[in-house]
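> Provide a 3D model corresponding to the input given below.
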Amino acid sequence: MEGSVARTGFHGRKLSLEAAHTYAAQVLERFGASAGNAAFTADALVRAEADGLGTHGLTRLPSYSAMAAAGKIDGHAVPKMRRVAPAVLAVDAGNGFAYPALALGLPALAALARASGVALMAVRRSSHFGVAGQPVEALANEGLVGLAFSNASASIAPWGGKRAVFGTNPIAFATPLRGRAPAVVDLSVAKVARGNILAAVQRGETAIPEGWAYDREGNPTTSATAGLAGTMVPMGEAKGTALAFVIEVMAAALTASTFSFDAPSFFDGAGPPAAVGHVVIAINPGAVAGDAYLDHLERLALTVESEPGARLPGTRRLFNRERAAREGVTLTAGVQRALAQMGFVEAAGVS
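A predicted model of the protein is given here:
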């Protein structure tokens, strides 16, 4: 593989966070995104990369670009927001990227939660949700408890079945903590993110670890291409697919959006817009626990951390984030090669 990289002239290279943002926005604009939408999307991808979540980081640029170029994502969409009940917001992403829609709705959602105690934002006609932990962490930074649900194109079979019905369907939760960064739980119902298989294919690797995926016939496979064409192994077996059902209801049924089994792939430009849904819930903990919430929660946090080897959910991302701020992130040869094959020519000044 290294020889292949050398022959094509591409090699992984380090970029500062600022340079990575510039590069990602440049790519997205080249393939049909407006400057504003490209900036929101680049920000989300670079933050994912900085947090060590590479499957939702820069590796998504080729697939996002392909979808924008084909019109599967409307790169110039302008999201619209309506208040449909005292504590409920409806956001129409306009078949565009998810990130501008979330950026529009989150401040209003936080304000409603402070006033009402609980508020809900329903996003429809959207696309890939990205790192589900990002919007709930933003709420936790505002002193709120956040929950998020999204569905994705089908890649997981119901337990005992062979045909993909559910997506990897992320669910995320975040809570503020006293005097430090929020605790963030961000789960996919797959044993591993499907983006891990995509990244392996982009790197030219033919094999994936055992236990990640099934082929089209429902047989366990270690082939990256067969796994990408087949289904993912759910976490917790039957419990994982039960949780996928809950998320499907919260994200797709509640927003009258596309079910996973009808959604096109998030990895290419083929097919219609995904038109999937997301739901984000914000809770004002002070409405029920008062000022005692953070003190009470700190006892739980310290009890967890007192166990040797234990840590609070989301702690690793903070270490990764600090390192990325110092050292930058890696733009892989695979991503550069894929974009070059799509006709992207990098502008000067990104290094």
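
> shouldn't residue 121 be in contact with residue 105?
Yes - judged on Cβ atoms under 8 Å, residue 121 makes contact with residue 105 at a distance of 4.7 Å. All C-beta atoms are positioned from the backbone trio N, CA, C, and that covers glycine.

> These two: which has the busier surroundings?
residue 121 (28 against 22; other Cβ atoms under 10 Å).

> Let me see the contact set for that one.
Under the criterion of Cβ atoms under 8 Å, 6 or more residues apart in numbering, the contact list for residue 121 reads 88, 89, 90, 91, 105, 106, 108, 109, 279, 280, 281, 282.

> next one: residue 57
Neighbouring residues of residue 57 by Cβ under 8 Å, 6+ apart: 45, 46, 48, 49, 329.

> try 10 Å
For residue 57, the contacting residues are 20, 24, 44-51, 130-131, 195, 199, 329-332, 335, by Cβ atoms under 10 Å, 6 or more residues apart in numbering.

> Sort out which of the residues you listed are in helices and list them.
Using DSSP state H, 20, 24, 44, 45, 46, 47, 48, 49, 50, 195, 199, 335 are the members of the contacts of residue 57 that sit in helices.

> so which of those comes closest to residue 260?
For the ones in helices among the contacts of residue 57, the closest approach to residue 260 (Cβ to Cβ) belongs to residue 195, at 16.0 Å.

> and the residue lying closest to residue 22 once chain neighbours are set aside, how many neighbours?
What sits nearest to residue 22 in space, not counting adjacent residues and going by Cβ to Cβ, 6 or more residues apart in numbering, is residue 350, at 5.5 Å. As a burial measure, residue 350 scores 18 neighbours (other Cβ under 10 Å).

> for residue 350, helix, strand, or coil?
At residue 350, secondary structure determined by DSSP: H, G, I helix; E, B strand; the rest coil is coil.

> ok, now residue 149?
With three-state DSSP as the basis, residue 149 sits in strand.

> Any idea how many residues pack against it?
Residue 149 has 24 nearby residues by other Cβ under 10 Å.

> From residue 245, how far out is it?
According to Cβ to Cβ, to the nearest Å, residue 149 stands 12 Å off from residue 245.

> okay, and the common contacts of these two?
Both residue 149 and residue 245 are in contact with residue 169, where contact means Cβ under 10 Å, 6+ apart.

> Quick check: neighbours shared by residue 121 and residue 105?
Both residue 121 and residue 105 are contacted by 81, 89, 90, 91, 135, 278, 280, under the criterion Cβ under 10 Å, 6+ apart.

> Check residue 268 and give its pLDDT.
For residue 268, the pLDDT comes out at 94.

> who touches the helix or strand hosting residue 300?
Secondary structure from DSSP states H and E places residue 300 in helix 292-305. For helix 292-305, the surrounding residues in contact (Cβ under 10 Å, 6+ apart) are 143, 145, 175-180, 183, 284-287, 289-290, 310-313, 315.

> Can you list the buried residues in it?
Judged by neighbour count using 16 or more other Cβ atoms under 10 Å, the buried positions of helix 292-305 are 293, 294, 297, 301.

> quick one, what contacts residue 267?
By Cβ under 10 Å, 6+ apart, residue 267 lies in contact with 60, 62-64, 66-67, 128, 153, 194-195, 197-198, 201, 228.

> about what we covered before: farthest-separated two in the buried residues of helix 292-305?
293 and 301 (12.1 Å).

> Among the shared contacts of residue 121 and residue 105, which are located in strands?
Members of the shared contacts of residue 121 and residue 105 lying in strands (criterion: DSSP state E): 81, 89, 90, 91, 278, 280.
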